[in-house]
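Q: sequence first, predicted model second:
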Amino acid sequence: METQVDAIEKKQEGTKVKKMLFILSKATIENVYAAFVMANGARMEGIDSEIFFTFFGLEAIQKKKLEHLKVATVGNPAMHIPTMIGGLPGMEAFATKMMKKEMEKLDMPPVGEFIEILSDSGCKLWACKLAVDMFHLKEEDLIDELDGILTIGDFYNRANEDGTQILFI
Amino acid sequence: MKKVLANREIDVNEEGYLVDFKQWDREICECIADECNIVMTEKHWEVIEYIHEKHKNEEPLSIRGIKKSGVINIKEFYNLFPGGPLKKATLIAGIPKPKSCI
């Protein structure tokens, strides 16, 4: 009897992962959702999570751009479209529309709503200072939910805890 | 698996979730909440009721659904059920753990 209870308690303790730090460097829909689903999933499991938006990943947190992200139809073998066709005008928009339709069926929120959910869930959202400077962005160009603009050094310091993992997407 | 809660033998799965909802009542609920270091308040009961309603109607639970629920917002939900809100809330509500990734 006791061993059963022990087994249940052990299972409830879950994983040794205590904190997940994601670095998002691309703003195609597939990459952004990968980061968002994993960061949200971590919070749902009681794991701390944070996302560092760098380079083109910054597009996912720019007010004017975040609802216009596209799926990559060129150089993406998983699309199963020949590269030449993937590059035709309208292909990107078409594939994006199809993918968004499928995501809606699974009750996946649009990017802006997903950002609200992440922020409310306690997931920290950081912009990379170097990338912000490089693209000449101002704080008002970025989402209201942003927790701040950090250097990569600041970000590494946030990983200084047992059970922390950093994932580059 | 069997587990003793409130002097009763309850059937649970390996993660501690109730297997038979008929065995659930408020007393059992408070025992499970206590194991999660949660003291049930009026707001907790409201959320449990919402979760039962969704479960009864076979509607999947998601964090997005919580946002739209009108019962509670996401921040409060995380505060009420620390350590994974849907995981903990369904455990306490005596229903299976949600299978969705979002």
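A: Arrived safely. From a predicted model like this one, the values you see are computed outputs, not experimental measurements.
Q: next, A:Met118: secondary structure please.
A: Heads up, residue A:118 is Leu, not Met. At A:Leu118 the chain is in helix, as set by DSSP: H, G, I helix; E, B strand; the rest coil.
Q: quick check, it in contact with A:Phe36.
A: Yes - counting by CB atoms under 8 Å, A:Phe36 is a contact partner of A:Leu118 at 6.4 Å. Yep, even glycine has a C-beta here, placed from its N, CA and C like the rest.
Q: overlap in contacts, the two.
A: Shared contacts of A:Leu118 and A:Phe36 (CB atoms under 8 Å, 6 or more residues apart in numbering or on different chains): A:Ile51.
Q: lowest average confidence across helices and strands of the chain, where is it?
A: Using chain A. helix A:2-13 (a mean of 63; mean pLDDT, DSSP states H and E).
Q: please go with chain B instead
A: strand B:2-5 (a mean of 90).
Q: so what secondary structure elements neighbour that strand?
A: On a contact count with 3 or more CB pairs under 8 Å, 6 or more residues apart in numbering or on different chains; DSSP states H and E, strand B:2-5 meets helix A:2-13, strand B:8-11, helix B:26-35.
Q: after the least confident helix or strand of chain A, next one along is what?
A: strand A:19-24 (DSSP states H and E).
Q: tell me which residues touch the most centrally placed residue in chain A, please.
A: For chain A, the residue sitting closest to the mean C-alpha position, by CA atoms, centre = their mean, is A:Ala35 at 2.6 Å. By CB under 8 Å, 6+ apart, A:Ala35 lies in contact with A:Phe22, A:Leu24, A:Ile51, A:Gly57, A:Ile169.
Q: out of the residues you listed, flag the one nearest to A:Glu102.
A: Checking those against A:Glu102 with CB to CB, the nearest one is A:Ile169 at 20.3 Å.
Q: now do that closest one against A:Lys129, distance only.
A: 19 Å (CB to CB, to the nearest Å).
Q: just A:Met44 next, same as before
A: 30 Å.
Q: so between these two, which is more surrounded?
A: A:Met44 (21 against 17; other CB atoms under 10 Å in any protein chain shown).
Q: the more buried one against B:Gly83, yeah?
A: No - look at A:Met44 against B:Gly83 with CB under 8 Å: they stay out of range, at 10.2 Å.
Q: intersection of neighbour lists for these two?
A: In contact with both A:Met44 and B:Gly83: no residue, using CB under 8 Å, 6+ apart.
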